[in-house]
Each structure stands twice: as C-alpha cells, then as structure tokens.
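Engineer: Could you look at this predicted model? Sequence included:
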Amino acid sequence: MSSRAKFIVGLIAFTIFQRLLPYLVTNPDVNQNPSIIFYPWSFMPLTAVCMYLGAHIHSRRSSIGLALLMLLLSDLSIWFATGKFASAFPPDRCAEYVAYPLIVMLGIGLNQNAWPSRMVSAFGRGIVAEIAFFAISNFAYFLTQTAHSHDVAGLIACYVDAIPFANKAFVSTAIYSVLLFSPIAVRAAGESPTVSDEPVLEPALTR
C-alpha cells in the first residue's frame, strides 16, 4: 500500500471517529441544550475528505464508493453507540448519501493545480460544497419534518432556522480543505511537496 493510500485510510478512520465522537461524549437520551452542553457537532472534515478522495483517487466509482462507505460505517457506528436506529438513520439521512457523492466530484482536478492556487481552489470548492450540502440536506429535512408548513413559506423558514447550525460546518470545511490540499498534507502522506500528485489507484485496477 502506498503512503498516499495509507494516508487516505487514516483520513477515513479519523473522519468516522469525529462523526461518532459527539454521540460518545453526550447522552443520547437527553435533549442537548447548546447553552448548557457545548459540542461542535458540525465541526468535522467529512466534506473536505470527500473532495480529497475525488482529487486523489483515479476511479470515480472507487472515490464515490469510499465516500459512501465512510458515511455508512459512521452511521452504523452511531447506531451501535446509541442503540437507536433513528439517531443514525433519521428520515432525511438519504440526502447525505446524495450530497456527498456530488461533493466527491467537486474534488476532481484539485490535485492538478499548482501551489498556492491549489489551496485557494480547495477553499472555494469547499464553500460551494457546503452550500450544496446545506441546500440538499435541509430540503430533505423540510420534506420529512412537521415543524413547518409544507409550502414556500415553510421551506424558507426551514432554511433560515438551519443557518445557525451551518456555521461550524462552513468553518470546519474551510479549514480542513485548505489543510488537506496544502504542503502539510503532502508531507503527511509521505511525499515531497515538489512531486506531482498521481492517482492512488492505477487505471488497470480501477475498472
């Protein structure tokens, strides 16, 4: 296994752990009040890692498959940790399985950019990815929720209510996107920043 492949496996494991962590440190049977219990629920590298997979894995099927596997394993871990199927697979969860493959596609070509435009592009695409995820996930939530009326006014209210919860996601994606497409990540993958990036999988192995 190449250094880059090992780095990707580590990223996936770290992302799954980050997604599971809040369910391990908080009580799933208690309604979490942010004014009493603070945890950066949406501060995680999932979006940035999905773009990284799109940029560094040659096969589109493999990159999307890894992203979906990462999401599924983290959801199953949440189910196991909480003992509640609804905590891991709420009615609107399907939206994430639609959004993250699209985010993987946003990463295509990022590893072809030179420094420092690579980090700038990663930052910009990360913000676009979060906007897309915000639109898709909250539309799915709107379709499955009962707090707002199912009309245009209710849809707008649903998006407005979601804005405070999206702040940490935008900040974390901006930070992780820049880090994962910086010389720091290249060195962490055991490579030289001056070496051109090659796909993790050879074309013959990706069909």
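Structural biologist: Nice, I can see it. The model shown is predicted, which means the values in this text are computed figures rather than measured ones.
Engineer: What is the neighbour count of Arg60?
Structural biologist: 14 (other C-beta atoms under 10 Å). Heads up, the C-betas are built off the backbone N, CA and C, glycines and all.
Engineer: So, low pLDDT: which residues of this protein?
Structural biologist: Regions of the chain meeting the criterion pLDDT under 70 cover residues 26-41, 191-207.
Engineer: Break down it into its helices, ranges please.
Structural biologist: 3-25, 46-56, 60-82, 85-88, 94-106, 117-144, 152-180, 183-188 (DSSP state H).
Engineer: Buried deepest among the ones you listed, which one?
Structural biologist: Comparing the helices of the chain by mean neighbour count (mean count of other C-beta atoms under 10 Å), helix 46-56 ranks first with a mean of 27.
Engineer: Arg93: what's it in contact with?
Structural biologist: Contact analysis of Arg93 by C-beta atoms under 8 Å, 6 or more residues apart in numbering lists Asp75.
Engineer: For it, give me phi and psi.
Structural biologist: Main-chain torsions, Arg93, degrees, to the nearest 10: phi -60, psi -30.
Engineer: Tell me how far it lies from Tyr100.
Structural biologist: Per C-beta to C-beta, to the nearest Å, Arg93 is found 11 Å from Tyr100.
Engineer: where do the contact lists of those two overlap?
Structural biologist: With C-beta under 8 Å, 6+ apart as the test, Arg93 and Tyr100 reach no residue in common.
Engineer: Surely Arg19 is in contact with Val49?
Structural biologist: No. With contact defined as C-beta atoms under 8 Å, Arg19 does not count as touching Val49 (10.6 Å).
Engineer: how far away is Ala48 from Ala129?
Structural biologist: 8 Å.
Engineer: intersection of neighbour lists for the two?
Structural biologist: Thr173.
Engineer: Run the chain-centre distance for stretch 125-144.
Structural biologist: Between the centre of stretch 125-144 and the centre of its chain there are 12 Å (C-alpha atoms, centre = their mean, to the nearest Å).
Engineer: Could I have the CA atoms of that stretch written out in PDB?
Structural biologist: Backbone C-alpha positions of stretch 125-144 (Å, rounded to 0.1, in the frame of the first residue of the first chain) are rendered in PDB as follows:
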ATOM      1  CA  ARG A 125     -14.800  24.500  -3.700                       C
ATOM      2  CA  GLY A 126     -15.200  23.600  -0.100                       C
ATOM      3  CA  ILE A 127     -17.600  26.600   0.400                       C
ATOM      4  CA  VAL A 128     -19.500  25.600  -2.700                       C
ATOM      5  CA  ALA A 129     -19.700  22.100  -1.400                       C
ATOM      6  CA  GLU A 130     -21.200  23.300   1.900                       C
ATOM      7  CA  ILE A 131     -23.700  25.500   0.100                       C
ATOM      8  CA  ALA A 132     -24.800  22.500  -1.900                       C
ATOM      9  CA  PHE A 133     -25.000  20.300   1.100                       C
ATOM     10  CA  PHE A 134     -26.900  22.900   3.000                       C
ATOM     11  CA  ALA A 135     -29.500  23.200   0.200                       C
ATOM     12  CA  ILE A 136     -29.900  19.400  -0.300                       C
ATOM     13  CA  SER A 137     -29.900  18.300   3.300                       C
ATOM     14  CA  ASN A 138     -32.300  21.000   4.500                       C
ATOM     15  CA  PHE A 139     -34.700  20.400   1.600                       C
ATOM     16  CA  ALA A 140     -34.800  16.800   2.600                       C
ATOM     17  CA  TYR A 141     -35.400  17.800   6.200                       C
ATOM     18  CA  PHE A 142     -38.200  20.100   5.100                       C
ATOM     19  CA  LEU A 143     -39.900  17.200   3.300                       C
ATOM     20  CA  THR A 144     -39.800  15.000   6.300                       C
END
